[in-house]
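1. Need coordinates for the below:
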Amino acid sequence: MDATWQATGRYELAPAPGALGLVQDLLNTLPAGRPRKPDLLADTDSAQAWANSALAAWAATTQQPGPRPRLHEEDLTRLRDLRTALRDALTEPADGAPEPSGDAGSPVVETAQAALELDATGTVRLEPRGGGAGFLVATLLLTLWQAQNSGDDRRLKVCRNPRCAVAFYDRSRNNSGVWHDVRTCGNAANLRAHRARRRDTAASGA
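-> Residues are numbered from 1 along each chain as shown. From the prediction side, this is the model:
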């Protein structure tokens, strides 16, 4: 199986480094871009194909065995809910809107199983557990937890252009990017804002 990030690749985006590409790939299963791509979690067949491809890429990145959990209809709701929660957390708030608190009192939207393992070299690892969507969710949450510890999660973003909304990894030096591509999304958004300001000016002067 070709170990590539299927969902991210269809938008011609560079994947996030390492295992974080799995989280980005889940986010990019959503219809986005122009023209809109299909939702890869719309049915069990497309979701299973995506999961197989994504976990193969994750296994190649982490040098771990690539399990292929079987997904069922009820698993799709869980994966779509997790995708929505992650996208909401990563989407830049509108100007003037309060930032999400992210404190320990925030409601829990998902839980998963993992196990601490000690190998013969004395190395302790945290390994995802579960069946069906459970393993996939555990792998996603574990990957995101590791990225939060390293700070890499702050560079995983959703394009601010609502007509696009793909998930991208910001490689700018000061982590200031808000568009997945300034030329396509940034310039278009700036042009719309400029036209709106001109309309407002003309209306106020009428």
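
2. Would you state the helices of this structure in chain order?
-> Under the criterion DSSP state H, helices of the chain are mapped to 6-9, 20-27, 44-62, 73-90, 133-150, 187-205.

3. Could you name the helices and strands sitting against the fourth one?
-> With contacts defined as 3 or more C-beta pairs under 8 Å, 6 or more residues apart in numbering; DSSP states H and E, the packing partners of helix 73-90 are helix 20-27, helix 44-62, helix 133-150, strand 156-158. Yep, even glycine has a C-beta here, placed from its N, CA and C like the rest.

4. Looking at the helices of the chain, spot the one closest to Lys157.
-> Ranking the helices of the chain by proximity to Lys157 (C-beta to C-beta) places helix 73-90 first, at 5.8 Å.

5. what comes up buried for that closest one?
-> By neighbour count on 16 or more other C-beta atoms under 10 Å, the buried set for helix 73-90 is 75-76, 78-80, 82-83, 86-87, 90.

6. Out of the helices of the chain, which one sits most buried?
-> Ranked by average neighbour count under the criterion mean count of other C-beta atoms under 10 Å, the helices of the chain are headed by helix 20-27 at a mean of 25.

7. thinking again about what came up before, next, format the helices of the chain as JSON lines and append distance to Val166 and mean pLDDT.
-> Formatted as JSON lines, the entries for these read as follows, by distance: least, C-beta to C-beta, whole Å; pLDDT from 0 to 100:
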{"stretch": "helix 6-9", "distance to Val166": "8", "mean pLDDT": "96"}
{"stretch": "helix 20-27", "distance to Val166": "8", "mean pLDDT": "97"}
{"stretch": "helix 44-62", "distance to Val166": "15", "mean pLDDT": "94"}
{"stretch": "helix 73-90", "distance to Val166": "11", "mean pLDDT": "94"}
{"stretch": "helix 133-150", "distance to Val166": "18", "mean pLDDT": "95"}
{"stretch": "helix 187-205", "distance to Val166": "14", "mean pLDDT": "53"}
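
8. got those helices as a markdown table, with distance to Glu127 columns?
-> Below are the helices of the chain laid out as a markdown table (distance: least, C-beta to C-beta, whole Å):
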| stretch | distance to Glu127 |
| --- | --- |
| helix 6-9 | 24 |
| helix 20-27 | 15 |
| helix 44-62 | 11 |
| helix 73-90 | 19 |
| helix 133-150 | 8 |
| helix 187-205 | 42 |
